[in-house]
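>>> Requesting a structural model of the entry that follows:
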Amino acid sequence: MVRQCFRRISSLFIISRAPGYGIRQKAGIELKRSSKNNELFMKPVNTATRHNWSGQCLLFVLLGFVLGNACTAFANNLPAWFVDGRPTADAVEAVQILKMAGADGLNPNDYSADSLAQAVNKASQAPISAADESTLSGVLTQAVEHFISDLHYGRVDPRDVHASFATPSKQLDPQTYVREAVASHTLTTVTRAAAPNLPFYGTLRQGLAKYRQLEDAPALQHRLPPLPANKIAPGQAYVGTSELAQKLMALGDLPTDAEIPTRYEAALVDGVKAFQSRHGLTVDGVIGRGTFEQLNTPMAARVRQIELTLERLRWTPLLLGNRMIVVNLPEFVLRAYEINEGRISMEVTMNVIVGKALDTRTPLFVEDMRFIEFNPYWNIPPSIAKAETVPKLRRDPAYFNKQGLEFVRGDGGVISTLSRANLEAVLRGQLRIRQRPGPENALGNIKFIFPNNDNIYLHHTPAPQLFKRDRRDFSHGCIRVEKPVALARFVLQDQPEWTEERIRDAMENGSSRTIRLKQPLPVVIAYGTAIVKSDGKVYFFQDIYGHDKLLDDALRKKGSLIRNEPEGVQH
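Numbers count the residues shown, from 1 in each chain. Predicted coordinates for the structure are as follows:
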């Protein structure tokens, strides 16, 4: 009923500064006071002009006629925001909550926070009429419900921003939630409970507050002086040592009492290394182009990274069981978690290699791991076979035996000889190519299978040296893991017969074998460019797939629609 009766009111500028004077809206409606009876009424307004609204007013008259009885019933069921025309403590608390929406990375303007605060404050100074009380109660109710929904569920459908996460089943009804909170006078407590119940959400929320303060830090307002010869190595002279030190101190990467050298050396180098570690850069103390640009990134951009990650945490399904595996793609890191009595502990962490940003990005989704395959065959996907393997075999026929390749017919028959005809058959889709288990196998000697539509899985690799790289998007989409034995032990921990010794033997004996897990294990492929680690510091990572930009665009468009929606449009 709230959605029907007050759909368009959530973005109103609520009340005039004096009787008879309306205040310009950001949205498509304003409340005005009648010069005859001093009561509030709705007036549609265009955000650019104030003319030609008579037809829109007729629309509201018709809507009021059709929904009149329903809205009356709704009004009778509103929370008790007012008593005798004056706001209750719950109403004052509600507008303060809306004004603080930015603390969770939300936009207070989406909930008309300032205008509602002005209206409630005015009502606290002088009682408002019953009609005004009813109208304002409806607007405030809608705004708080809208905020609770955004805080709990997020503001966009994840599938619209390249995240194949199912929309969560409705576990929280904002209407009931708000009414019960007001009735029990626990609005602030209940509101916090609507936020994601994740430790890393809370710590990142604290990080957001810190970086909002850093936006005003004097040392972070200007770019550093240009680098000599495009980079500075430790021990070299640099005219910007003082400015660099001030930046690092403001960011917390250099102690505030550190002695500032005249050259780029000593504590200053250590500060840069700490900064590099927090920004996914090579920790070598050399200020090259990448480090220089990160040092000059405006704090507003960091704030936005945190806000976008908080938004993702609202709809990324991270608490699906007592154990789970989460891969954070921009960080190139896998973590395995266990939940005991509500406490989340990180059991395993390792570097990973993910899909190339250019053309083979690893998708975002969640599925249950069900199998482990030791010494797997690699069935080369047709797209890779046609684009890469066949041309390579034509250039270098010896590659066929060196890599342990073979052709497979549709009936499962194996052809172990290379010929032009067989390669042509692969291009026509009549044969496929696979790689036998062995030291050259692209999947290494273990594969973790969680069936999915994209045929993505975790696996080892015969090229472990790539894990030493800072940016690790090298794969065709699947995820290579740095510590396969540690991961296998975590996955198989409820199957005690699979000891580390047995796991290693199964990986090294060369025999292909698949085992089924006793219990499915959720695997979440996630995307967050800002996280808080155990040291309490915020770490930032490059938006390698452009998903942050996509989400930012979607949120800005959503906010624009909320505040500038033409009359008659429902949201």
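
>>> Tell me who's in contact with residue 143.
10, 94, 98, 111, 112, 113, 116 (CB atoms under 8 Å, 6 or more residues apart in numbering). Any C-beta I mention is one placed from the backbone N, CA and C, and that applies to glycine too.

>>> From residue 518, how far out is the fifth one?
Okay, so that is residue 112. 52 Å (CB to CB, to the nearest Å).

>>> cool, residue 558 as well?
From residue 558 over to residue 518 (counting by CB to CB), the distance is 43 Å.

>>> So between those two, which is more surrounded?
residue 558 (17 against 9; other CB atoms under 10 Å).

>>> where's residue 521, which helix or strand?
strand 513-526 (DSSP states H and E).

>>> so where does the closest residue in space to residue 180 that isn't next to it in sequence fall, helix or strand?
The shortest distance from residue 180 to any non-neighbouring residue, by CB to CB, 6 or more residues apart in numbering, is to residue 190 (7.5 Å). Assigned by DSSP H and E, residue 190 falls within helix 187-194.

>>> Now do the same for residue 559: its pLDDT.
You'll see residue 559 listed with a pLDDT of 74.

>>> surely it meets residue 109?
Yes: counting by CB atoms under 8 Å, residue 109 is a contact partner of residue 559 at 7.4 Å.

>>> Tell me the helices and strands packed up against the helix or strand just after the helix holding residue 190.
Downstream of helix 187-194, the first helix or strand assigned by DSSP H and E is helix 199-214. Counting by 3 or more CB pairs under 8 Å, 6 or more residues apart in numbering; DSSP states H and E, the packing neighbours recorded for helix 199-214 are helix 299-315, strand 530-532, strand 538-540.

>>> May I see the ones you listed organised as JSON lines, with mean neighbour count and distance to residue 507 added?
Shown next, in JSON lines, are the helices and strands packed on helix 199-214 (neighbours: other CB atoms under 10 Å; distance: least, CB to CB, whole Å):
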{"stretch": "helix 299-315", "mean neighbour count": "22", "distance to residue 507": "35"}
{"stretch": "strand 530-532", "mean neighbour count": "23", "distance to residue 507": "31"}
{"stretch": "strand 538-540", "mean neighbour count": "21", "distance to residue 507": "32"}
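
>>> related to what we said a few turns ago, the contacts of residue 143, buried ones only, as a ChimeraX selection?
Burial among these is assessed by 16 or more other CB atoms under 10 Å; the matching ChimeraX selection reads:
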select :10,94,98,111,112,113,116
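
>>> Looking at the contacts of residue 143, which two lie furthest apart in space?
Comparing all pairs in those by CB to CB, the longest separation belongs to 10 and 94, at 13.2 Å.

>>> any idea how far stretch 446-460 is from the chain center?
Taking CA atoms, centre = their mean, to the nearest Å, one finds stretch 446-460 lying 23 Å from the centre of the chain it belongs to.

>>> Apologies, that question was intended for stretch 483-492.
The answer for stretch 483-492 is 27 Å, by CA atoms, centre = their mean.

>>> can you tell me the average pLDDT over it?
97.

>>> Run through the strands of the stretch 51-200 of the chain in chain order.
82-83, 86-87, 163-164 (DSSP state E, counting those that start in this stretch).

>>> re earlier: tell me what angle the helix holding residue 190 forms with helix 299-315.
80 degrees (axes from the mean of the first three to the mean of the last three CA atoms, to 10 degrees).

>>> Run a quick neighbour tally on residue 199.
Every residue meeting other CB under 10 Å relative to residue 199 is counted, giving 11.

>>> residue contacts, it?
Under the criterion of CB under 8 Å, 6+ apart, the neighbours of residue 199 are residue 344.

>>> Among the helices and strands packed on helix 199-214, which comes closest to residue 477?
Of the helices and strands packed on helix 199-214, nearest to residue 477 by CB to CB is helix 299-315, at 20.4 Å.

>>> could you point out which element follows the closest one?
strand 323-328.

>>> ok now the host helix or strand of residue 433, how far from the chain's centre?
Secondary structure assigned from DSSP H and E places residue 433 in strand 432-435. Taking CA atoms, centre = their mean, one finds the center of strand 432-435 at 37 Å from the center of the full chain.

>>> Let me know the next secondary structure element after that strand.
By DSSP H and E, the next helix or strand past strand 432-435 is strand 446-449.

>>> Parallel or antiparallel, list what pairs with whichever helix or strand comes after that following strand.
Downstream of strand 446-449, the next assigned helix or strand under DSSP H and E is strand 458-459. Strand pairing for strand 458-459, using DSSP bridges, gives strand 446-449 (antiparallel), strand 479-481 (parallel).

>>> I'd like those as JSON lines, with mean neighbour count appended.
Below are the strands paired with strand 458-459 laid out as JSON lines (neighbours: other CB atoms under 10 Å):
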{"stretch": "strand 446-449", "mean neighbour count": "22"}
{"stretch": "strand 479-481", "mean neighbour count": "24"}
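
>>> would a markdown table of those with distance to residue 120 be doable?
Below are the strands paired with strand 458-459 laid out as a markdown table (distance: least, CB to CB, whole Å):
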| stretch | distance to residue 120 |
| --- | --- |
| strand 446-449 | 55 |
| strand 479-481 | 51 |
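
>>> Go through these and name the closest to residue 244.
strand 479-481 (36.5 Å).

>>> just how off-centre is the closest one within its chain?
Counting by CA atoms, centre = their mean, strand 479-481 comes out at 21 Å from the chain centroid.

>>> With stretch 526-542 instead?
11 Å.

>>> could I get it in PDB with only the CA atoms?
C-alpha atoms of stretch 526-542 as PDB (Å, rounded to 0.1, in the frame of the first residue of the first chain):
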ATOM      1  CA  ALA A 526      33.100 -11.700  -6.200                       C
ATOM      2  CA  TYR A 527      34.400  -8.300  -7.100                       C
ATOM      3  CA  GLY A 528      35.500  -5.600  -4.600                       C
ATOM      4  CA  THR A 529      38.100  -2.900  -5.300                       C
ATOM      5  CA  ALA A 530      38.300  -1.800  -1.700                       C
ATOM      6  CA  ILE A 531      38.700  -4.000   1.400                       C
ATOM      7  CA  VAL A 532      39.800  -3.700   5.000                       C
ATOM      8  CA  LYS A 533      42.400  -6.300   6.100                       C
ATOM      9  CA  SER A 534      43.300  -7.600   9.500                       C
ATOM     10  CA  ASP A 535      45.600  -4.600  10.100                       C
ATOM     11  CA  GLY A 536      42.600  -2.300  10.000                       C
ATOM     12  CA  LYS A 537      43.900  -0.500   6.900                       C
ATOM     13  CA  VAL A 538      41.900   0.000   3.700                       C
ATOM     14  CA  TYR A 539      43.400  -1.700   0.600                       C
ATOM     15  CA  PHE A 540      42.500  -0.600  -2.900                       C
ATOM     16  CA  PHE A 541      42.700  -2.500  -6.200                       C
ATOM     17  CA  GLN A 542      42.400  -1.600  -9.900                       C
END
